[in-house]
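Undergrad: below: sequence and its predicted model.
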Amino acid sequence: MDYVTSLILIAVSTALINNVVLHYFVGICPFIGVSREVGMAVGMGAAVTFVTVVAAALSWVLTYYIMAPGAPLTSWVWTLIHPGSQAVVDLSVLSYVVYIFVIAASVQLVEMYVRKFFPALYKAFGVFLPLITTNCVILFVCLEIMKHVSGATGPAFWTLDKALVYAFFAGVGFAVAILIMAGLREELDHCDVPAPLKGPGITLIIAGILALAFLGFTGVDKSLADLLR
Amino acid sequence: MNNANGPTGLERFINGILPENPTYRQVLGMCPTLAVTAGMAPAMTMAGAVMFVLICANIMISIIRPLLKPHLRILVFTLTIAAFVTLADRFLAAYMYEMSKQLGPYVPLIIVNCIIICRCEVCASKQSVRAAAADALGQSFGFALGLASIATVREILGSGCWFGLRVLPDAWPGWVVMILPPGAFLTLGLLMGAVNWIAQARKASPA
């Protein structure tokens, strides 16, 4: 029961309470750019969730086995070269380059998958699909996983399942935020927005009010934890 | 400076500060703009880091531009930027540890900052080193200006301080919402509206 509780807490906390867009300010560029229509928003949210889960899985494996301080594979290779050495091999300085490689590869994988099995969706996406590489959400998720895997003082260790739950619900949180914004902006077409605020201006103001609303979730994770105990 | 084809270096530099300001005119690099502008100190540190990465990446991409293959260029851009961001991140962690902790994950997020990738794509991969460097300098000053404007509003209204020095009387209650996420969105949205309004007014009344 403790295990399921911790997973539920990670899920709710990531998707709603510390929403990646409205609390951590990542993924703002597509949030402003792609939130015009609900259809596009659904597609973008699903694509980002998919890429995030794939990239998170690859990042977790690479971080745990190769890049974290004292990682199994690197320690084994090191003891081949220097037998009996007690040194802790720490390759985490390579993290950023490796993560961006992983993200580019994941986007490529997803692109090939979508082109093969959903050709209409692929054409609707156009240039936005390769642009997911520059989506801050995915790199942010990879960095969070690195924090919880490297054994740095503080964050609890995350096994692969917790990391995947985190990644999936980060994507869900992004999808929720962008869906709400798309629905609101579709309604905005009937309103009289002042000319200087049209476009990004009014979107940001609405995002501010949304962020205020999501602030109301603060403390829900603690109450949930007490409830499920 | 190539006068015959396109703007000179000085023109590129001035272009990046106000006319093609990355924050207000191009609407790029929103993530750090909203995240680190709760105070002037983290905002200026972020501006310095982005300036370093943007200038180095532009110069490097401009040097290797004969070698760029069209379908691999975005990957090459991001890898170059990732290398320089690692440098900047380790430097900050070594010499400005408290600030590095405060900036948190937003320094590595410079890798996917749209400003840098956009400048590499639009300018550095096509122009000489001088033009690319001038463009990078101008854009980073423009970005710093954008960050400073938002951070000033948020810090003064939110805590009555500027760069940590008290500027408003102690009686000011401090609008905490300006330090929190909603304040960031609202400040940026309203300031963007103000900039658009000024730009429209100037366009409507030519001298």
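TA: Cool, the structure landed. Numbers count the residues shown, from 1 in each chain, chains lettered A, B, ... in the order given.
Undergrad: those helices in chain B, which residues are they?
TA: Here chain B has its helices, by DSSP state H, at B:9-17, B:30-35, B:40-63, B:73-95, B:97-103, B:114-119, B:129-159, B:176-179, B:181-204.
Undergrad: wait, which of these is closest to residue A:225?
TA: helix B:181-204 (22.8 Å; Cβ to Cβ). (Glycine included, C-beta is placed from N, CA and C.)
Undergrad: which residues touch the closest one?
TA: Contact with helix B:181-204 is made by A:22-23, A:25, A:194-197, A:200-205, A:207-209, A:211-212, A:215, B:21, B:23-25, B:27, B:30, B:33-35, B:37-38, B:149-150, B:153-154, B:157-158, B:175, B:177-178, as judged by Cβ atoms under 8 Å, 6 or more residues apart in numbering or on different chains.
Undergrad: how far is it from where the chain is centred?
TA: Averaging C-alpha positions (Cα atoms, centre = their mean, to the nearest Å) puts helix B:181-204 17 Å from its chain's average.
Undergrad: run the angle between that helix and helix B:129-159 for me.
TA: Relative orientation of helix B:181-204 versus helix B:129-159 (axes from the mean of the first three to the mean of the last three Cα atoms, to 10 degrees): 120 degrees.
Undergrad: may I have helix B:181-204 exported as PDB, CA atoms only?
TA: Only the C-alpha atoms of helix B:181-204 are listed here, as PDB (Å, rounded to 0.1, in the frame of the first residue of the first chain):
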ATOM      1  CA  PRO B 181       4.300  32.100 -10.500                       C
ATOM      2  CA  PRO B 182       1.000  34.100 -11.200                       C
ATOM      3  CA  GLY B 183       2.900  37.300 -10.700                       C
ATOM      4  CA  ALA B 184       5.500  36.300 -13.400                       C
ATOM      5  CA  PHE B 185       2.800  35.600 -16.000                       C
ATOM      6  CA  LEU B 186       0.800  38.700 -15.300                       C
ATOM      7  CA  THR B 187       3.900  41.000 -15.200                       C
ATOM      8  CA  LEU B 188       5.200  39.600 -18.500                       C
ATOM      9  CA  GLY B 189       1.800  39.800 -20.200                       C
ATOM     10  CA  LEU B 190       1.100  43.400 -19.100                       C
ATOM     11  CA  LEU B 191       4.600  44.600 -20.000                       C
ATOM     12  CA  MET B 192       4.300  42.900 -23.400                       C
ATOM     13  CA  GLY B 193       1.000  44.800 -23.900                       C
ATOM     14  CA  ALA B 194       2.700  48.000 -22.900                       C
ATOM     15  CA  VAL B 195       5.600  47.500 -25.300                       C
ATOM     16  CA  ASN B 196       3.200  46.600 -28.100                       C
ATOM     17  CA  TRP B 197       1.200  49.700 -27.400                       C
ATOM     18  CA  ILE B 198       4.300  52.000 -27.500                       C
ATOM     19  CA  ALA B 199       5.400  50.300 -30.700                       C
ATOM     20  CA  GLN B 200       2.000  50.800 -32.300                       C
ATOM     21  CA  ALA B 201       1.900  54.500 -31.200                       C
ATOM     22  CA  ARG B 202       5.300  55.100 -32.700                       C
ATOM     23  CA  LYS B 203       4.300  53.500 -35.900                       C
ATOM     24  CA  ALA B 204       1.000  55.400 -36.100                       C
END
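Undergrad: okay, now residue 48: neighbour count?
TA: In the absence of a named chain, chain A is used. 25 (other Cβ atoms under 10 Å in any protein chain shown).
Undergrad: hmm, I had chain B in mind actually
TA: 15.
Undergrad: now do the one 5 residues further on
TA: The local packing count at residue B:53 equals 28, with neighbours defined by other Cβ under 10 Å.
Undergrad: one step back: tell me the most buried of the helices of chain B?
TA: helix B:30-35 (a mean of 26; mean count of other Cβ atoms under 10 Å in any protein chain shown).
Undergrad: packing partners for it?
TA: Here helix B:30-35 touches helix A:28-33, helix B:129-159, helix B:181-204, going by 3 or more Cβ pairs under 8 Å, 6 or more residues apart in numbering or on different chains; DSSP states H and E.
Undergrad: mind redoing it with 6 Å?
TA: Judged by 3 or more Cβ pairs under 6 Å, 6 or more residues apart in numbering or on different chains; DSSP states H and E, helix B:30-35 is in contact with helix A:28-33.
Undergrad: show residues contacting the helix or strand that the helix it packs on is followed by.
TA: Note on helix A:28-33: by DSSP states H and E, the next helix or strand toward the C-terminus is helix A:38-62. Residues outside helix A:38-62 that contact it (Cβ atoms under 6 Å, 6 or more residues apart in numbering or on different chains) are A:34-35, A:98-99, A:102-103, A:106-107, A:110, A:132, A:138, A:141-142, A:145, A:160, A:163, A:167-168, A:171, A:174-175, A:178-179, A:182-183.
Undergrad: what's the average pLDDT for helix A:38-62?
TA: When pLDDT is averaged over helix A:38-62, the result is 91.
Undergrad: just how off-centre is the following helix or strand past that helix within its chain?
TA: Following helix A:38-62 in sequence order, the next helix or strand is helix A:72-81 (DSSP H and E). Helix A:72-81 sits 32 Å away from the centroid of its parent chain (Cα atoms, centre = their mean).
Undergrad: check which residues of the next helix or strand after helix A:72-81 are buried.
TA: Per DSSP H and E, helix A:72-81 leads on to helix A:95-117 as the next helix or strand towards the C-terminus. Residues of helix A:95-117 classed as buried: A:95-104, A:106-107, A:110-111, A:114 (neighbour count, 16 or more other Cβ atoms under 10 Å in any protein chain shown).
Undergrad: and the two most separated of those residues?
TA: Pairwise over those, using Cβ to Cβ, the maximum falls at A:95 and A:114, 28.0 Å.
Undergrad: what angle do the helix or strand bottoming out on mean pLDDT in chain B and helix B:40-63 make?
TA: Least confident helix or strand of chain B, by mean pLDDT, DSSP states H and E, is helix B:9-17 with a mean of 80. Helix B:9-17 and helix B:40-63 meet at an angle of 140 degrees, taking the same axes, to 10 degrees as the criterion.
Undergrad: what about helix B:9-17, distance to the chain center?
TA: 15 Å.
Undergrad: ok, back up a step: tell me the one of the buried residues of helix A:95-117 nearest residue B:119?
TA: Distances from residue B:119 to the buried residues of helix A:95-117, taken as Cβ to Cβ, are shortest for residue A:100 (17.5 Å).
Undergrad: picking up where we left off before, what's next to the least confident helix or strand of chain B, contact-wise?
TA: Under Cβ under 6 Å, 6+ apart, the answer for helix B:9-17 is B:1, B:130, B:131, B:134, B:135, B:137, B:138, B:139, B:141, B:142.
Undergrad: got JSON lines for those, with distance to residue A:120 and pLDDT too?
TA: Shown next, in JSON lines, are those (distance: Cβ to Cβ, whole Å; pLDDT from 0 to 100):
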{"residue": "B:1", "distance to residue A:120": "49", "pLDDT": "44"}
{"residue": "B:130", "distance to residue A:120": "47", "pLDDT": "88"}
{"residue": "B:131", "distance to residue A:120": "42", "pLDDT": "88"}
{"residue": "B:134", "distance to residue A:120": "45", "pLDDT": "89"}
{"residue": "B:135", "distance to residue A:120": "39", "pLDDT": "89"}
{"residue": "B:137", "distance to residue A:120": "45", "pLDDT": "91"}
{"residue": "B:138", "distance to residue A:120": "42", "pLDDT": "91"}
{"residue": "B:139", "distance to residue A:120": "38", "pLDDT": "91"}
{"residue": "B:141", "distance to residue A:120": "45", "pLDDT": "92"}
{"residue": "B:142", "distance to residue A:120": "40", "pLDDT": "92"}
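Undergrad: please consider this matter closed, and thank you.
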